[in-house]
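J.: build me a structure from this.
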Amino acid sequence: MKRLAMSSLGAALLGAALLWASTGFSGAAAQSAAAHSAASSSPLDTIPPKLPFNVPYGPPITLQRAQALLQAAIAEAVRRGWPLNVAVVDSGGNLVAFARMDGAMLASIKIAEHKARVAVTYRRPTRAFEDAIQKQNSVYVMTLDDIIASRGGIPLIEDGKLIGAIGCSGGAGSQDEAVCTAAAATINR
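T.: Okay, the predicted model is just below:
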């Protein structure tokens with residue numbers, strides 16, 4: 001008999017809780033959530049006045065210019081003593097030129113290409129993704145398609161238009177970025 005009374009009491013309490021939740025509680029919860037949202041200082045809630053990284057795509061980089069970029073990157077890497085892989089893609093993310101320096105890590109072949117593709121696809125240096133995750137704790141970035149959150153992918157912008165990107169890999173991210181930046185400076189002025 002006690003069990004029946006307890007289960008009836010439990011059912012009544014559960015019913016009352018559900019009724020309360022479907023009426024007054026949801027309004028209070030919505031008000032509380034709105035107040036919390038208004039008080040939030042998350043950088044993700046900031047609405048910028050303009051789209052970030054809104055560089056229009058331009059005509060694809062030519063083979064001749066892509067090979068010149070490779071040479072500039074290789075010269076910088078040789079000067080520093082860093083054997084790297086270097087990839088240049090066009091404004092559509094297609095590989096135009098690639099070089100693997102003697103002794104460069106084999107695994108970094110695909111990584112250099114990936115960095116270049118991501119830089120052109122998202123119209124920003126790959127460092128932006130690294131910073132978003134490591135400095136801003138914006139881990140949602142890892143849910144975006146085809147991301148690489150490592151430095152060393154730099155967009156190539158000429159006359160205000162994105163013509164391609166360069167990616168370097170084989171060293172520390174800072175080394176990859178330094179070599180790519182030096183090469184990209186021949187176009188990004």
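
J.: quick one: the strands in the chain, in order.
T.: Listed in chain order, the strands of the chain (DSSP state E) span 85-90, 95-100, 153-158, 161-169.

J.: same list (those) but as a markdown table, adding mean pLDDT and distance to Leu63.
T.: The C-beta positions use only the backbone N, C-alpha and C, and glycine is treated the same way. Output for the strands of the chain, formatted as a markdown table (pLDDT from 0 to 100; distance: least, CB to CB, whole Å):
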| stretch | mean pLDDT | distance to Leu63 |
| --- | --- | --- |
| strand 85-90 | 98 | 9 |
| strand 95-100 | 98 | 6 |
| strand 153-158 | 97 | 14 |
| strand 161-169 | 98 | 11 |
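
J.: what about the closest residue to Ser138 other than its chain neighbours, distance to Arg117?
T.: Once its chain neighbours are removed from consideration, Ser138 has its nearest residue in Ala132; the separation is 4.2 Å (CB to CB, 6 or more residues apart in numbering). For Ala132, the distance to Arg117 equals 18 Å [CB to CB, to the nearest Å].

J.: who has more neighbours, those two?
T.: When neighbours are counted by other CB atoms under 10 Å, Arg117 comes out ahead of the other of Ala132 and Arg117, with 22 against 19.

J.: thinking again about what came up before, retrieve the pLDDT associated with the residue nearest to Ser138.
T.: For Ala132, the pLDDT comes out at 91.

J.: contacts only, for the residue nearest the centre of the chain.
T.: When the chain is reduced to its mean C-alpha position, the closest residue under CA atoms, centre = their mean turns out to be Phe129, at 3.3 Å. For Phe129, the contacting residues are Val118, Tyr122, Val141, Ile147, Ile148, Ala149, Ser150, by CB atoms under 8 Å, 6 or more residues apart in numbering.

J.: filter these down to the buried ones, ChimeraX style.
T.: One line in ChimeraX is enough to select the buried members of the contacts of Phe129, burial here meaning 16 or more other CB atoms under 10 Å:
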select :118,122,147,148,149,150
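
J.: if we can go back for a sec, and the residue nearest to Ser138, how far is that from Leu144?
T.: Using CB to CB, one obtains 10 Å as the distance from Ala132 to Leu144.

J.: what do you get for Ala72?
T.: Ala72 sits 30 Å away from Leu144, taking CB to CB as the criterion.

J.: what is the burial count for the closest residue to Ala68 other than its chain neighbours?
T.: Leaving aside its sequence neighbours, Ala68 sits nearest to Thr186 (CB to CB, 6+ apart; 7.0 Å). Residues within reach of Thr186, counting by other CB under 10 Å, total 15.

J.: and Thr186, what pLDDT?
T.: Looking at Thr186, its pLDDT is 95.

J.: right, and it touches Ala72 too?
T.: Yes. Under the criterion of CB atoms under 8 Å, Thr186 is in contact with Ala72, at a separation of 5.2 Å.

J.: returning to that earlier point: so for Ala72 and Leu144, which sits in the more crowded spot?
T.: Between Ala72 and Leu144, counted using other CB under 10 Å, Ala72 has the larger neighbour count: 20 against 12.

J.: before I go, just wanted to say thanks for your time.
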